[in-house]
Structures are given as C-alpha cells and as structure tokens.
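Participant: sequence below, structure please.
(chains A and B)
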2 protein chains.
Amino acid sequence: MRKTVWLFPALLLLAVTSLAQSKEIIALRKSREQSTRNIIDEFTAFLSLPNLASDTAGQQRNAAFIMEMMRKRGVAHVQLLHGKTTGTPPAVYGDVMVPGASTTLIFYAHYDGQPVNPAQWAAGLSPFTPKLYSGAIDNGGFNIPFLTDGVYQNDWRVYARGASDDKAGVAAILNAYGLIVKSGLRPAVNVKFFFEGEEEAGSPHLGDILENNKDLLQSDCWIICDGPVHQSGKKQIVFGVRGDTHLDLTIYASKRPLHSGHYGNWAPNPAMMMAKLLSSMKDDNGRVTIKGFYDDVTALTASEKKALQEVPAADEQMKAELGIIATEMPGVSLSEAINLPTLNINGFQSGNVGKMASNQIPTFATAVIDLRLVLGNEWKRQQQKVIDHIKAQGYYVTDKEPIEEERKQYPRIIKVIRDDAGLNAQRTPMDLPIAQKVIGAVKTTSNDQVVLQPTLGGSLPLFLFEKILQAKTITVPIANHDNNQHAENENIRLKNLFEGIETMGAIMLMK
Amino acid sequence: MRKTVWLFPALLLLAVTSLAQSKEIIALRKSREQSTRNIIDEFTAFLSLPNLASDTAGQQRNAAFIMEMMRKRGVAHVQLLHGKTTGTPPAVYGDVMVPGASTTLIFYAHYDGQPVNPAQWAAGLSPFTPKLYSGAIDNGGFNIPFLTDGVYQNDWRVYARGASDDKAGVAAILNAYGLIVKSGLRPAVNVKFFFEGEEEAGSPHLGDILENNKDLLQSDCWIICDGPVHQSGKKQIVFGVRGDTHLDLTIYASKRPLHSGHYGNWAPNPAMMMAKLLSSMKDDNGRVTIKGFYDDVTALTASEKKALQEVPAADEQMKAELGIIATEMPGVSLSEAINLPTLNINGFQSGNVGKMASNQIPTFATAVIDLRLVLGNEWKRQQQKVIDHIKAQGYYVTDKEPIEEERKQYPRIIKVIRDDAGLNAQRTPMDLPIAQKVIGAVKTTSNDQVVLQPTLGGSLPLFLFEKILQAKTITVPIANHDNNQHAENENIRLKNLFEGIETMGAIMLMK
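Facilitator: Down below sits the predicted model:
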C-alpha cells in the first residue's frame, strides 16, 4: 500500500512538470548544457575586471567586454549611452528588433560592484580572481580548478566581486539571448539591453542617461535582473524596490589623541559619544525611535497584502542558516520587516582594535548608516529626520571638519555627510497585463511556486524609469540568497546562473 | 617710575634663579649645550629602531644599542637581565658604585613602544624615521633637517614612536650620567640603570626578571623616568601610578555578512548591539554605571589631599588646547578624575566606513576598553565587574568564537578576552626621607613650582617593585604633556629632553 501511495504523487509531479516547463525552455536548457564551459569561461574573464563605479578606466574595460559579448551573439546594434555629463561610466546598450513583435522589453542589469576590502575575504579568495568552489566556503566548500573537461555541477559556486551582484544579471540576459538564437528559436518580443555602470554608487547619472536617450529607450516594460531569489530557493518576481540613502557621521572630540591614563574619563571619548548617539536611535525592540520615522509610509494594497501572505515564511530557515536565534525586532517577520523603513549601521570605527589597539582616547569616531525607504518616504526627508534627531541629542551639525570657532562654541560636534544620490522606493501594480504576462513566462520555467513579492528589500533606481520614461519595471532576480552580495566572499551558485538564463529566456520568448 | 617698578621684580627673579639652580646644575647645562648635536644624533639613531615588545629581533637591536650607550659613557658593568622565561625582551642593566655613597638609586625607563598604525601618522611622518619639526605639527610646525651646524632650539620637536614614551627616559638618564662624568663631577649616590623592554605590553615578564635578579636590584629607591610633566609646563614628581587592565569585546551576529536591504532591521546588527552595550556602561554624566565600580577605592590621605590642592588647575588650559569645551564628567576636575577608576574605549570597529562602506550588516563588532585602577581596586576584580555587567545585559560570555551549539542557545553572544597582565595601582608616601631628598634635588633645577602629584594618570608596573623587592618608587616624568604618546605623531619637545637630563642629573647628584 505504502508503495502505491508514494507512486501516485510522483506521477502527478511528472505531469505538472511537463505542463509547466515548455518545449522551448527544454530546448534552451539542452543548448545551455552544451555551452556551459564556454559560458563559465566568459563569465570568469568578465569577473576578472575590477568594476568599482569610480574607476573610470576599469569601467571602460568592462563596457568594452560587454559590447564584445553582444557582438559575439550577433546583436548588430550595440552602442554606449551617455548622459550630458561626461567622464562617467556609460550604459552599454544593444537591441534586436523582431519582425512582427508588438511588445518591447528592455533587460536591465548593472556591471559595477560594491567597494571591496580584500583583507576581509576568506583565505585563498581575491575579489577579482574568480575561484570555483564545491559549495559555500562557510559550509565546507573546497576549491576546484575551472574545468577543461567534464560537467559543472549545480551546487558549485564561483566566488568574486560581482559574481551575483550583478554581472550574473548581465551574463544571464546575454546568454539567454545567445542560446535562443543558437537553438534555432527566436524572441517573441523586441529585445533591448541596458547595462548600467554606476548602480552601486547610487546611480548618480542614470537619470541623465535616460533623459538623453529617451527615444532609444521606449518600451512596454523594463525587466530588472538583479537581487536574489527567495530564501526557499523558489523563483520570485518582485514588483517594487525599497529606496535607499546614507548618512556618514563623524563625531569630533579632542584635536589630538590623548593618553587614556592621563585624560581618560575627563576628556570626552568620541567612541562612547558615537555609541550613545547610535544607541539613541533605536529602542531595545529594534524600533527606530527617531521622531516621525514611520509616519509617512504608504499602506499596502489588498492584492499586495494577499501576495505577501503567500510568500513562504523564511524566518526559521534563515535564523538556522545565519546562526542566530533572535531578530532585531522581536515578533516582526522578515516579510513585514521588508515593508518598513530601516536604519542600519553599515560600519563604525574609532581608534584601533585588536593587536593595533593602544591606550588612547581617539580624536574622532565615524559611522555610516543606511536608510532603506518604503513607498511614501522621500529620501531627503528621511535624512532630515535623522539629522533632527542628532540635533535633539545636543549636537551641532556641520558638513565640514570643525574649525576653531566651532570647537569653542559647541560641546558636541558632528559632521554629517548626506549622500546626494538617494533613491525613493517604487512599486508596479502586479495586476497590469504586462505583469501577468511576465508572471506566466517565469512560471513556464519552474514546477515550483513562483513567489510574488510587492517589494524587494534592496534598492534600485526604479523610480527614475517611471519619472523620466513613464516606464513600468518588473524585477526578476536570479542569484542565490546566500551570495554575500555587498560584502566579502561574494559568490553565485551555478544552479542560479543556469536557471537565471532560462528565466530570462522565457521572458524573451513570452507570447 | 614705571621703569623702576619693572626693574625690581626682574632683579628679584635673578636672585631666585641663582638660589634655586645649583652650580652643579649650571655646569651640567653648559656641558649639555656643548654636546647637544651628539645627543640628538644618538637619540635619533635610537628612535630609528622599531621597538614593539613582541618583535624579539627588533628588541635585541634596541638592547644592544643601549648597552653601547652605557659603554660609551664609561659604565663598566653592563649586562642583560632575564627572568626564568626565555625568548622575551631582556631588561638592560648597568651600575656604577660610588666610593663612600650610602644611597643607591635605580633609574628606570622602558625602551619598548606602543603598537603603531603608520597610516594614521601625519603626512611626512613615519614612526621609525625620526623627523625634526619647528614646533607641534598641529600648531603649524614645519620640518627642519637635523643640524650638522648651529643650535637646536628648545621649542623644536622630534617626531617618532618612543620619542617621549619612553626612549626619552633612557636618553635623559644616560646623558645625565655621561655629562656628570664629562663635567668632572661625580654622582653622590650609587647609580643603577634598569631599562625594560615590555612595558607597553603590560610588563608580562618584569616580575620574573626582578625575582631572578633580586640581589643585583637592591636599592633605596627606584626613580621611574616615564610620563609627562605637568600641563602647565612645571616639573612634577609623582608618588604613585594608576593600575590598568583591558577587555577585548567581540559581539557576534549573523555568521555571514548580509545585504542591509534584504535583512536590515530583521537580522541583528552587531554594531548597534555594541553601541547599546558600551552605552549602557556610562550614564549621560560620564559616570560608570557598572555595579560596584567605585566601591573599593581607597580614600586619599590628608597630605595627598593637600598636595592635590596645590596642583595647578590645568582644566581650562587643556580644554583650549584640545579644542573642547565639555568634559566627560561635568563638574569633575582633571585632578579629581585622575583619582577615580576609569572605563575608556580605546577603539571600536565593525564593517567598513568612509569610501569602503558598503550596504551590509556586519557579522561582528569589536571594541577594546581599558580600565584604569586606583588604590583599592584589584585588576581581576575590576574586569569581573565589567563582565558581570555584560552578563546582566543578557549576553552569553565566552572567550572563544561561538560554536554552532552556542549560537542555537543564546540570543546575544559576546567574546570577552581579558588581558592576563593587568597592573594594580601603587602609591609611595611623599613624606618618607628619600622622597623628601628627591623633591629637594628636583627643586635645584627649577625656579618654578615643582608639582607634587599623589598619582600619575597613567600606569606602570610599580606594585611589582614593592611586592618582589620591597622597594620604594618615585616617578619623575620629563616629556611634554602634548607628546601624543600611545597614538600617532608621538613627539618630544627638545626643551623637555634637555631639562629632563638636568632633572635626572640633579637626582644622581643629590646629597
């Protein structure tokens, strides 16, 4: 009996599989399997190019590499897009107009990466020397030479800055197109490619580039390939992003470092002042205590609330994976947390620690905080709330190093640098016809639930597309959730790259 | 009339000068003036030798250099002193027995220096490449080549690690002896030299060395040449030191760094946890809130209280100099603060700051705190008070990186490393005959008040001398108070080095 009971669901699953995964996707997969070594070789060459947005020469090499990737795949119309400001990383553009197609999609990814501190990477890793591992390093993965023969395994990972965020996006999009052509298929929509080079720097010139190339960038929707799939491993489609902005705080105390024995607890200690200031920003339940912090949040719509309810709860899985048993806001789930504005300390520093520590009172303490915004927040207003809070703690706020006169006048002095390229949040309604088509296309690639998220926890400059081009945007992320993006040991699991290619392909093929 | 009025005090001052400064000191000064260029050349060669206590090879070079300094000055008996533990920096010893002398003094200084972070030093400076400046760098001082001709000026400064703390002590002691001999004078006391190589590392083997060389190290008093003169520029004699001990704190959160957008304010942020923890250790008036922190302090004696009252108030001068208008404990003077136990943050760090900052939730936050102790405190007990406080904040305290089982059990995990070489405070009564003699000798070098301090703010392992050798200790510091000891841009003002030589000489000449 037991055998029969087990057999029945297995058969059912098989039926669902053939229903869900289209013939075209299966053809695409075969073609990808035959090309895997070439795909990985090209991808690792791409990852070897340092890609900090501010490194102009480096970004030119990345842009040239992407243009060559497009040309190799037969994309005839390839060009760099600039704004009116010169000397900044260009966007790399290409397009393929398909006879008879009535829909135009622009596929977006970014080729720049977050700043790196190589010293923080695991032994054996270097941000721009991609390495292959049998699994996650912190889970016992070991180094494997890149293959000249044999088959790349799904669970293997490539470690490098940009491996997930977001050169994987560039690779998934261009390989999807290349494999469609190679398989003898053709896209059902006009395909435009747009690869940005300054996303991690806050996209300071994206608006300029969009403005300057409005005609070329007409579309029915932008498909944003960035970010991770759901923690459960299920694919997800995301209809909005949070906004983001930063404040860089520096508290000044004595002009020269002091011996902690001779002046300790008489002279003010800027590290203690910073601890007290940061500490004043949240209560013991992790709620931000800054006045009005949560006041201007736009409530979720009914369909967004419904979608949220269907998102699989990842909390317990994530806690186990991250080795934590408490969260910052007790009783608030990860899904709920992502729909709130945040205040996060990215880093702080004062004096020296570890073996470099010495018995001194440092002259300053510095911290960087980022503020994630949800619909309703406005980035400059959100910065101002924090600044007002700092003032309410007795601080004189300046945007420069304090001069003598200021030191003579104010007992507490802080320099606050606001970033000037903040992003607001954005959300596309998930019941638009184009949104429904994209959902349908992604579903053809998977037997599993496709998770629909009202918003991504992370940030992308999506409001600019809406504002300048009146364009819709839908985000289709592909990276593994444990990819260490923005930190040391960034990596992509090969299965995610492979499935990402299929996902992008399915959208290009959508009827 | 006005002219006469002015003339009178000037004449009076001249009379006081000749009264206070002995003939021998004036002879010593002349001899020093003739030898200044040699003294500086030798001193800068000494400062060029890196001197971190843990750098065994480097410390051997320093010890050899000091032995050579002694031999050059005709000290016949020179040797290295070791404890029972080998492979640690030796103390450098020498002695000169004076026929007919009934008093034996041991002159102590240390030749090791605090750890350095060269990146934090001012442009043009490097810790072990001594440079000469026309004044304090942060007060407009400019670089001057070392002289081959001409006269070194009092206000010039030499910048290097150890310039003040405490190779200046070694140089002052050995030059005082050398110049006494050169001037045709002779010490009135038996002179022993003892130069330690591990003071900044907490003197982990000093007890061992003293224990192992008890007979050689008999004396009537140790003269400790370390630390700064009074902030007013007046010379000072110090009859005790504070104790010192450290705790190295690391709070652990998620095992891997997280994207602040996807997990911010859901996953715990270790930087915020550290801010809250440190912040809980002091109230808004700078008072330590840790239970029992001030309970075991021994009260000052009547003569110590009286001496304290005569210490010139340096508070307003120091505030102006340091560019601050508020102190950590409002209403508590610097003199009072030095007679209290402290809790000071030497440094903290989490994630990255400045241009290296990225939108992440760091995996850990670390901080180093030092605790200064006064008479009555015991270093292990003082550490324990802090640890008990940390536990009371809900932390599980371990001394290792947490393992999986601990992560599954405890919501808040902190690694606390206690230093195992803490120092207790020590005080010598200032009315002992030997103390009165030393006071008298120092007074022969100066027309100004000689400040008598019950305790130095800083720490030296003086309780060991008492415990192992039943010896008295009196500290006679020489460095300028603004010498940046223990931090970047350490320096000595030449006047302080020159006057320090006279001070040490006067004590060797004391009847």
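Participant: what sits against A:L460?
Facilitator: A:199, A:224, A:226-227, A:241, A:423, A:475 (CB atoms under 8 Å, 6 or more residues apart in numbering or on different chains). Glycine gets a C-beta too; all of them are placed from N, C-alpha and C.
Participant: check A:I390 too.
Facilitator: A:249, A:277, A:397, A:414, A:416.
Participant: per-residue confidence averaged over the helix or strand containing the third one?
Facilitator: Looking back up the chat, that one is A:V397. Taking DSSP states H and E as the definition, A:V397 sits inside strand A:396-398. Here strand A:396-398 scores 98 as its mean pLDDT.
Participant: longest helix of chain A?
Facilitator: Longest helix of chain A, by residue count under DSSP state H: helix A:23-47.
Participant: can you give me the angle the helix or strand that comes right after it makes with helix A:23-47?
Facilitator: Moving toward the C-terminus from helix A:23-47, the first helix or strand encountered (DSSP H and E) is helix A:56-72. Calculated by axes from the mean of the first three to the mean of the last three CA atoms, to 10 degrees, helix A:56-72 forms an angle of 150 degrees with helix A:23-47.
Participant: run through who's touching the very next helix or strand once past helix A:56-72.
Facilitator: Later in the chain than helix A:56-72, the nearest helix or strand by DSSP H and E is strand A:77-81. Strand A:77-81 has contacts (CB under 8 Å, 6+ apart) with A:63, A:67, A:70-71, A:90-96, A:194, A:209, A:212-213, A:216.
Participant: is chain B contacted by the strand ranked longest in chain A?
Facilitator: Longest strand in chain A by number of residues (criterion: DSSP state E): strand A:240-252. Yes: using CB under 8 Å from any CB of the partner chain, strand A:240-252 comes into contact with chain B via A:242, A:244, A:246, A:248.
Participant: so how far is that strand off the chain centroid?
Facilitator: 16 Å (CA atoms, centre = their mean, to the nearest Å).
Participant: average pLDDT for that strand, rounded please.
Facilitator: Rounded mean pLDDT across strand A:240-252 is 95.
Participant: paired strands for the following helix or strand past it, with orientation please.
Facilitator: Going down the chain from strand A:240-252, the next helix or strand is strand A:258-259, by DSSP H and E. According to DSSP bridges, strand A:258-259 forms sheet pairs with strand A:360-361 (antiparallel).
Participant: okay, the following helix or strand past the partner strand in PDB with CA atoms only?
Facilitator: Remark: after strand A:360-361, the chain's next helix or strand is strand A:364-373, criterion DSSP H and E. Taking Å, rounded to 0.1, in the frame of the first residue of the first chain, the C-alpha atoms of strand A:364-373 are listed here in PDB:
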ATOM      1  CA  PHE A 364      37.100  61.100  16.300                       C
ATOM      2  CA  ALA A 365      34.600  58.300  15.800                       C
ATOM      3  CA  THR A 366      32.900  57.600  12.500                       C
ATOM      4  CA  ALA A 367      29.900  55.600  11.400                       C
ATOM      5  CA  VAL A 368      28.000  55.100   8.200                       C
ATOM      6  CA  ILE A 369      24.300  54.400   8.300                       C
ATOM      7  CA  ASP A 370      21.900  53.500   5.500                       C
ATOM      8  CA  LEU A 371      18.300  54.200   5.500                       C
ATOM      9  CA  ARG A 372      16.000  52.000   3.400                       C
ATOM     10  CA  LEU A 373      12.800  53.700   2.300                       C
END
